[in-house]
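Student: everything below, folded, please.
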Amino acid sequence: MSSIPKESLKNTCSQSVSQAGKLRKELPPRNDELSVMSTLFSKCLCAGPQVKSSPSRIELVALKGIECIALGAVSDEHSAKEQVELTIKTVKLDRIVYVGYLANKELEVIPFDAWKATSSNSDNHIIPLDVGTVIEQLKVQEYDQAIKTLMKMHRSQVQKNQVGLECITLHNIGVVYSLQFNFLKSLSYFEKACQLKQKYFGESHPELAVSLVEAAILNFALQKYTLALSKFDQALHNYQVLSNQAPQVAMILNNVACVHFKQGNPLNALGTFCEASRIQQHALGGSQNPQIDLLHVATTLGNIGYIQLQLKNYDQALAVLEDALLVQQSVLGDDHKTVKDTLNNIEFANAFHS
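Tutor: Okay, here's the model as predicted:
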């Protein structure tokens with residue numbers, strides 16, 4: 001990633017702060033979660049996640065991973081590993097479980113809760129036993145049992161030469177290990193998933209990018225920053241084939257900015273965070289899983305505030321941190337560690353801003 005010119009950085013960050021201020025004025029009181037989401041996404045979300053379709057033929061479970069790193073509280077000085085652990089703690093299992101099928105090397109998946117809501121009255125919507133077992137085990141945080149079930153699924157897929165499903169299962173195993181904070185084991189499975197996905201889907205396929213991002217985040221946690229950037233760059237290329245404005249692009253840019261910060265480049269980190277935020281604002285409205293996208297928006301805003309605090313730009317930090325807090329409280333509640341970290345940063349900003 002090349003450095004961002006100072007003038008471009010100033011313009012991009014000013015736009016981000018302006019958007020943050022506009023967002024804060026438009027948002028309703030934070031205790032009205034549905035209204036907050038409706039305002040952000042310009043649509044009513046009372047009926048749940050907006051989905052393109054509800055596949056009746058279910059053959060796989062696909063687990064979302066860490067995706068979007070949060071820097072945390074300025075006062076805590078988190079290590080890279082602690083920042084990834086903090087991010088994992090924001091994960092709610094009902095928001096990362098997707099179901100669907102694989103056809104012609106393309107995944108058709110939707111959030112499990114959305115599928116369940118739309119298929120409850122249909123006899124044609126049946127979920128396989130092994131997929132249902134994994135979901136139930138995850139819901140009660142029986143991670144060891146979930147891994148055993150996934151391993152059994154993987155062995156069956158290998159025997160049946162179901163290479164596409166095998167790719168997804170390897171990725172799922174990596175996700176569950178990451179939920180246990182077993183980063184070395186998790187990384188090994190994401191790397192296996194990347195190798196197999198590259199052979200099956202091709203080196204420029206978005207599905208390969210899904211596992212590349214997780215592998216990159218774990219390399220970040222292990223302080224292998226050069227390797228993390230390399231994998232983020234490859235994933236970014238794969239997603240940009242779809243659109244430079246894709247939410248996935250913003251997610252990766254957020255993570256790249258975290259690497260820049262850890263490498264001692266706060267100005268470059270700020271510019272990259274602001275570009276990620278600009279893309280997120282542009283993309284709001286067409287989400288399969290709005291609560292996850294809301295958290296990504298809040299994560300990036302919180303990270304911008306974090307860097308602004310580091311640069312002693314307290315007024316600008318306060319503006320974006322207040323917006324991040326509003327979304328975080330709406331989605332996570334008042335007692336979540338992420339919310340407390342943002343409150344900590346706001347207190348820090350208030351202590352110094354004019």
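
Student: quick one, phi/psi of A103?
Tutor: Torsion angles at A103 (phi, psi; degrees, to the nearest 10) stand at phi -140, psi 130.

Student: just K224 next, same as before
Tutor: For K224, the backbone dihedrals (degrees, to the nearest 10) come out as phi -100, psi 70.

Student: next, count neighbours for it.
Tutor: Using other CB atoms under 10 Å, K224 is surrounded by 17 other residues. Placement of C-beta: from N, CA and C, glycine included.

Student: now I126
Tutor: Per other CB under 10 Å, the neighbour tally for I126 reads 12.

Student: so what does the helix or strand in which A228 is found touch, helix or strand wise?
Tutor: Here A228 is covered by helix 225-240, with elements defined by DSSP states H and E. If you count contacts as 3 or more CB pairs under 8 Å, 6 or more residues apart in numbering; DSSP states H and E, helix 225-240 packs onto helix 206-221, helix 247-262.

Student: so how far is it off the chain centroid?
Tutor: Distance of helix 225-240 from its chain centroid, counting by CA atoms, centre = their mean, to the nearest Å, is 15 Å.

Student: check which residues of that helix are buried.
Tutor: Within helix 225-240, the residues that count as buried by 16 or more other CB atoms under 10 Å are Y225, A228, L229, K231, F232, Q234, A235, L236, N238, Y239, Q240.

Student: host element of I110?
Tutor: Assigned by DSSP H and E, I110 belongs to strand 106-111.

Student: then D334?
Tutor: Using DSSP H and E, D334 sits in no helix or strand.

Student: follow-up on the earlier one: dump the helices and strands packed on helix 225-240 to a markdown table, plus mean neighbour count.
Tutor: Output for the helices and strands packed on helix 225-240, formatted as a markdown table (neighbours: other CB atoms under 10 Å):
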| stretch | mean neighbour count |
| --- | --- |
| helix 206-221 | 26 |
| helix 247-262 | 25 |
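
Student: export these as a markdown table, with columns for distance to T300 and mean pLDDT.
Tutor: Listed next are the helices and strands packed on helix 225-240 as a markdown table, based on distance: least, CB to CB, whole Å; pLDDT from 0 to 100:
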| stretch | distance to T300 | mean pLDDT |
| --- | --- | --- |
| helix 206-221 | 15 | 96 |
| helix 247-262 | 5 | 95 |
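
Student: redo those helices as a markdown table? Include distance to E108.
Tutor: Formatted as a markdown table, the helices and strands packed on helix 225-240 follow (distance: least, CB to CB, whole Å):
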| stretch | distance to E108 |
| --- | --- |
| helix 206-221 | 12 |
| helix 247-262 | 17 |
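
Student: and stretch 186-198, how far out from the chain's middle?
Tutor: Relative to the centre of its chain, stretch 186-198 is centred 18 Å away, using CA atoms, centre = their mean.
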